[in-house]
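Engineer: I'd like to go over a predicted model; first the sequence, then the structure.
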Amino acid sequence: MEQTPDRQQPSLSELAPARMAEELGIKPFQGRQIFRWIHQKKVFDFDQMTDLSKGLRKTLSENYSANKLTLAEISESPRSKTKKALLRLHDGETVESVLLRDRDRITLCISTQVGCAVKCTFCATGMSGFARNLSPGEIVEQALYLLAGEKLGDRTPNIVFMGMGEPFRNYDATVESIRLLSDPEGLGIGARKMTVSTAGEVPGIERFAEENWQVRLSVSLHAANDTLRDELVPLNRKYNLDRLMGSVKAYIESTGRQVTFEWTLLEGVNDTTNDIRELIDLVGDTKCFVNLIPYNPVAGLGYTPPPLPVCEAFRDALAREGIKATLRVERGQDIDAACGQLRRRHLDSR
Ligand code: SAH
Ligand code: SF4
């Protein structure tokens, strides 16, 4: 499937079938054919698109590329629980994405930006700074590379926008990528199988509430008081907990959907009984689900995950108050699957 894209040529991976036909001046069915080659068969080489006429294939090869990313590195964890792709962009930047296997379920964790400007103090991506936004094609291609060669059968993968970057700081491209990923001529991933995670970019939450779909929303909370959240998630200084919770409640009200709160457990920072109490007070009356993630240590940032019993006690205390919570035990630590780490290692060795 490898075809090195020419940086000058427009990429077809980000055009929906109808737009593809329109832009290329071809028949609608031909637009669907090309879309299927790219998104279903993950073929980026026009010469291999055998049901297109030779003339069309030649025109496409001369003027376009199908993909924007190339594979720089792919690593599988020893027990094949995770697969991680490091992908290279036209401008030499790199982006990473992970595939997680959990029993029968496949989840893809994909990125929306190269780096991240939010700079959460515990996050490797934040530490690496911000380079640029990804385009819709660059977001979708991560899923295509991860799924190439996977035997899915009748399983549909889940997609979480939890790789590098803050999706709501790249709102339009994120939304367009969701439309491409759900297109029935392509991967056909149902909206309910996709989750966008935000660090609390309030205008994005407000826009998301207006989208007429079932895509899920996660909000990374990590602290339930402004002093601590200002420190951990600097975006809180712009949109404090009051504004954030206001937008989340309005979202739930207008969509009728549940929200997931992410809480990365950091030992001695946000894992105490006081933190539990504050969290219960903050979200107790909200239609929500809490996802507890023991911290995946990043060298040099100075945080550690709490011992497992502390994590379990946190979850159980929420459950006693009727708050649904899961403790996500880290998968893929063996290949540095946490947010931003593969790219960091790669940058360090340059
Ligand atoms: N920017 C968005 C989405 C990407 S980060 C957001 O912050 O929500 C996805 C999730 O991974 C966030 O909840 C984030 O706090 C968490 N995360 C980042 N680094 C982590 C680490 N080293 N260990 C555990 N969770 C981490
Ligand atoms: Fe950005 Fe999310 Fe990392 Fe914060 S946790 S720096 S918002 S990617």
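Structural biologist: Noted; the coordinates are in hand. Ligands and ions are numbered 1, 2, ... in the order given.

Engineer: Name all residues that make contact with Leu87.
Structural biologist: By CB atoms under 8 Å, 6 or more residues apart in numbering, the contact set of Leu87 is 69-72, 94-97, 141-142, 145. No exception for glycine: its C-beta is placed from N, CA and C like everyone else's.

Engineer: Point out the residues in this structure that sit beside ligand 2.
Structural biologist: 116, 118-120, 123, 125-126, 164-166, 199, 339 (CB under 6 Å from any ligand atom).

Engineer: As CSV, the residues you listed with neighbour count, secondary structure and pLDDT would be great.
Structural biologist: Listed next are these as CSV, based on neighbours: other CB atoms under 10 Å; DSSP: H, G, I helix; E, B strand; the rest coil; pLDDT from 0 to 100:
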residue, neighbour count, secondary structure, pLDDT
Cys116, 26, coil, 95
Val118, 23, coil, 96
Lys119, 17, coil, 96
Cys120, 23, coil, 96
Cys123, 25, coil, 93
Thr125, 27, helix, 89
Gly126, 25, helix, 86
Met164, 28, coil, 93
Gly165, 31, coil, 95
Glu166, 27, coil, 97
Ala199, 28, coil, 98
Cys339, 26, coil, 48
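
Engineer: Of the contacts of Leu87, which is the most crowded?
Structural biologist: Glu141 (34 neighbours; other CB atoms under 10 Å).

Engineer: can you confirm that one is in a helix?
Structural biologist: Yes. Under DSSP: H, G, I helix; E, B strand; the rest coil, Glu141 falls within a helix.

Engineer: I'd assumed Met164 was in contact with Phe130.
Structural biologist: No. If you go by CB atoms under 8 Å, Phe130 and Met164 don't touch, sitting 9.7 Å apart.

Engineer: tell me, what's touching those two both at once?
Structural biologist: 113-116.

Engineer: ok, and which of those reach ligand 1?
Structural biologist: Okay, of the shared contacts of Phe130 and Met164 touching ligand 1 (CB under 6 Å from any ligand atom), that's Cys116.

Engineer: taking the shared contacts of Phe130 and Met164 one by one, which sit in strands?
Structural biologist: Mapping the shared contacts of Phe130 and Met164 onto strands (DSSP state E) picks out 113-115.

Engineer: which of those lies closest to ligand 1?
Structural biologist: Here the nearest of those to ligand 1, counting by CB to the nearest ligand atom, is Gln113; it sits at 8.4 Å.

Engineer: re the thing from before, show the buried residues in the shared contacts of Phe130 and Met164.
Structural biologist: Among the shared contacts of Phe130 and Met164, those that count as buried by neighbour count (16 or more other CB atoms under 10 Å) are 113-116.

Engineer: Out of those residues, the closest to Trp263 would be?
Structural biologist: Comparing these against Trp263 with CB to CB places Cys116 closest, at 18.7 Å.

Engineer: sorry, back to before: of the shared contacts of Phe130 and Met164, which pair is most distant in space?
Structural biologist: Maximum pairwise distance among the shared contacts of Phe130 and Met164 (CB to CB): 8.7 Å, between Val114 and Cys116.

Engineer: where do the contact lists of the two overlap?
Structural biologist: What both Val114 and Cys116 touch, as defined by CB under 8 Å, 6+ apart, is the set 130, 164-165.

Engineer: Give me the nearest residue to Val43, chain neighbours excluded.
Structural biologist: Trp37 (4.7 Å; CB to CB, 6 or more residues apart in numbering).

Engineer: do you know how far the one you found is from Val140?
Structural biologist: Going from Trp37 to Val140 by CB to CB, to the nearest Å gives 14 Å.
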